[in-house]
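> give the three-dimensional model of this entry:
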Amino acid sequence: MSTKTIALESSIYGRLAALKRDGESFSKVIDRLLSEVADAHTGHDILRGLGGFSRLTESDADRFLAVVAENRDSEHWEQ
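Here you go, the predicted structure:
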């Protein structure tokens with residue numbers, strides 16, 4: 001198996017480390033989290049899957065809402 005090195009901000013590393021389960025590598029925790037998000041079908045599913053993360057800062061929440069609004073404006077859903 002080949003490996004790659006990535007750089008993370010220390011705050012992101014801390015959040016990721018907090019989500020690690022006993023005996024779980026960082027690769028496994030990232031794989032698990034990506035699988036949970038990939039299986040999500042709604043925003044509610046995604047947010048529920050992120051339940052282990054700390055609360056959003058006001059700035060992050062504003063950014064999240066801006067992305068949702070932008071996507072609503074750019075996506076055309078058949079009714």
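
> so Ile46 is in which element?
Using DSSP states H and E, the element containing Ile46 is helix 43-49.

> may I have the very next helix or strand once past that helix exported as CSV, CA atoms only?
Next in sequence after helix 43-49, counting helices and strands by DSSP H and E, comes helix 58-74. Backbone C-alpha positions of helix 58-74 (Å, rounded to 0.1, in the frame of the first residue of the first chain) are rendered in CSV as follows:
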residue,chain,number,x,y,z
GLU,A,58,-20.5,31.8,14.0
SER,A,59,-18.2,32.4,11.0
ASP,A,60,-18.3,28.8,9.9
ALA,A,61,-22.1,28.7,10.3
ASP,A,62,-22.4,31.9,8.2
ARG,A,63,-20.1,30.3,5.5
PHE,A,64,-22.2,27.1,5.6
LEU,A,65,-25.4,29.0,5.1
ALA,A,66,-23.9,31.0,2.3
VAL,A,67,-22.9,27.8,0.5
VAL,A,68,-26.4,26.4,1.0
ALA,A,69,-28.0,29.6,-0.4
GLU,A,70,-25.5,29.6,-3.4
ASN,A,71,-26.4,26.0,-4.2
ARG,A,72,-30.1,26.6,-4.0
ASP,A,73,-29.7,29.5,-6.4
SER,A,74,-27.6,27.5,-8.9
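
> can you pull out the low-pLDDT segments for this protein?
38-41, 43, 49, 51-54, 75-79 (pLDDT under 70).

> which SS class is Ser35?
At Ser35 the chain is in helix, as set by DSSP: H, G, I helix; E, B strand; the rest coil.

> same thing with Ile30?
Three-state secondary structure (criterion: three-state DSSP) places Ile30 in helix.
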